[in-house]
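1. Provided below are the primary sequence and the corresponding predicted coordinates.
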Amino acid sequence: MNSRLRLLPLSLAALALLIAGVAIPAFRAHAQPLLPSTKTAALPVIGPSPAWQLTTLDGKPIGKDTLKGKIVVLDFWATWCPPCVREIPGYVQLQKKYAEKGLVIVGLSVDQKGAAVVEPFAKKNAVNYPLALVSPEIVETFGGIEAIPTTFLIDREGKIRHRKVGAMETEEYEKLILSLL
């Protein structure tokens with residue numbers, strides 16, 4: 001009887017491992033990725049871009065209506081955010097490379113110190129795309145921003161085709177942009 005009781009925990013452990021060995025691969029086979037794969041040719045439509053309107057740091061209006069017909073990368077970021085700052089040289093490069101094909105990158109700063117910190121940062125980093133200070137209403141319009149950077153990729157018809165939270169390598173993000181250009 002004692003030997004049976006000693007084997008019971010081992011039997012239960014073996015059973016648990018067997019179940020996990022079958023259940024985990026089955027779960028993975030049915031799991032859906034949080035973000036569309038960058039290997040697919042067409043990105044799914046997430047939904048329509050909400051209406052929004054701001055003024056850029058250089059005083060120009062910018063919003064859904066002014067960007068109609070463009071591929072838009074709408075990046076919520078801040079000067080104090082290391083992943084945001086790491087992505088900026090890539091965005092500068094992509095803006096140079098694809099502006100003639102209709103790409104517009106727009107940086108929406110959430111910096112509480114406003115233009116006083118964003119303008120010198122933009123100059124120092126040679127930012128070549130429009131920057132605006134985001135309002136709480138715009139953040140709410142886009143469903144709230146849980147973390148920065150949060151970036152929306154919007155197609156020429158004004159539909160959100162990709163949303164990323166966190167940084168992504170420029171080469172990988174470029175593949176997503178190319179699928180819409």
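-> Now that the structure is in, tell me what you want to look at.
2. which of the residues in stretch 55-72 are buried?
-> The neighbour-count check on stretch 55-72 (16 or more other CB atoms under 10 Å) flags 56-57, 62-64, 67, 70-72 as buried. Where you see a C-beta, it was placed from the backbone N, CA and C, and this is true even at glycine.
3. which residues are in contact with it?
-> In this structure, residues lying in contact with stretch 55-72 by CB atoms under 8 Å, 6 or more residues apart in numbering are 49-54, 98, 101-106, 115, 118-119, 122, 130-133, 152-156, 158, 177, 180-181.
4. Try it again at 7 Å.
-> By CB atoms under 7 Å, 6 or more residues apart in numbering, the surrounding residues in contact with stretch 55-72 are 49, 51-54, 102-104, 106, 115, 118-119, 130-132, 154-156, 158, 177, 180-181.
5. quick one: terminal-to-terminal distance for stretch 150-163?
-> Stretch 150-163 stretches 7 Å from its first residue to its last (CA to CA, to the nearest Å).
6. got it, and stretch 97-106?
-> First-to-last residue span, stretch 97-106, CA to CA: 15 Å.
7. Could you list the residues in contact with that stretch?
-> For stretch 97-106, the surrounding residues in contact (CB under 7 Å, 6+ apart) are 62, 67, 69-75, 91, 94-95, 129-130, 132, 156, 177, 181.
8. And stretch 75-85, by the same measure?
-> Contact with stretch 75-85 is made by 91, 105-111, 117-118, 121, 134, 145, 148-151, 166-167, as judged by CB under 7 Å, 6+ apart.
9. One more pass at 8 Å, please.
-> 87-88, 91, 105-111, 117-118, 121, 125, 134, 139, 142, 145, 148-151, 166-167.
10. Could you pull out the buried residues of that stretch?
-> 75-79, 81, 84-85.
11. now it: how far from the chain's centre is it?
-> Distance, stretch centre to chain centre, for stretch 75-85: 12 Å (CA atoms, centre = their mean, to the nearest Å).
12. Domains in this protein, by residue range?
-> As assigned by automatic domain parsing, the chain contains the domains 1-31, 47-180.
13. In TSV: those, plus mean pLDDT.
-> Below are the domains of the chain laid out as TSV (pLDDT from 0 to 100):
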stretch	mean pLDDT
domain 1-31	38
domain 47-180	96
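14. which one of the ones you listed is the most hemmed in?
-> Most buried of the domains of the chain by mean neighbour count (mean count of other CB atoms under 10 Å) is domain 47-180; its value is a mean of 17.
15. And stretch 78-95, how far out from the chain middle?
-> Averaging C-alpha positions (CA atoms, centre = their mean) puts stretch 78-95 12 Å from its chain's average.
16. Let's see that stretch as PDB, backbone CA atoms only.
-> Provided in PDB are the C-alpha atoms of stretch 78-95 (Å, rounded to 0.1, in the frame of the first residue of the first chain):
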ATOM      1  CA  ALA A  78       7.200  61.200 -26.600                       C
ATOM      2  CA  THR A  79      10.700  62.600 -26.400                       C
ATOM      3  CA  TRP A  80      11.300  60.900 -23.100                       C
ATOM      4  CA  CYS A  81      10.300  57.400 -24.400                       C
ATOM      5  CA  PRO A  82      13.400  55.300 -25.400                       C
ATOM      6  CA  PRO A  83      11.500  53.000 -27.800                       C
ATOM      7  CA  CYS A  84       9.900  56.000 -29.500                       C
ATOM      8  CA  VAL A  85      13.200  57.700 -29.900                       C
ATOM      9  CA  ARG A  86      14.800  54.600 -31.400                       C
ATOM     10  CA  GLU A  87      12.100  54.400 -34.100                       C
ATOM     11  CA  ILE A  88      12.500  58.000 -35.300                       C
ATOM     12  CA  PRO A  89      15.500  57.600 -37.500                       C
ATOM     13  CA  GLY A  90      13.700  54.800 -39.300                       C
ATOM     14  CA  TYR A  91      10.600  56.900 -39.700                       C
ATOM     15  CA  VAL A  92      12.800  59.700 -41.100                       C
ATOM     16  CA  GLN A  93      14.300  57.200 -43.600                       C
ATOM     17  CA  LEU A  94      10.900  55.900 -44.600                       C
ATOM     18  CA  GLN A  95       9.500  59.400 -45.100                       C
END
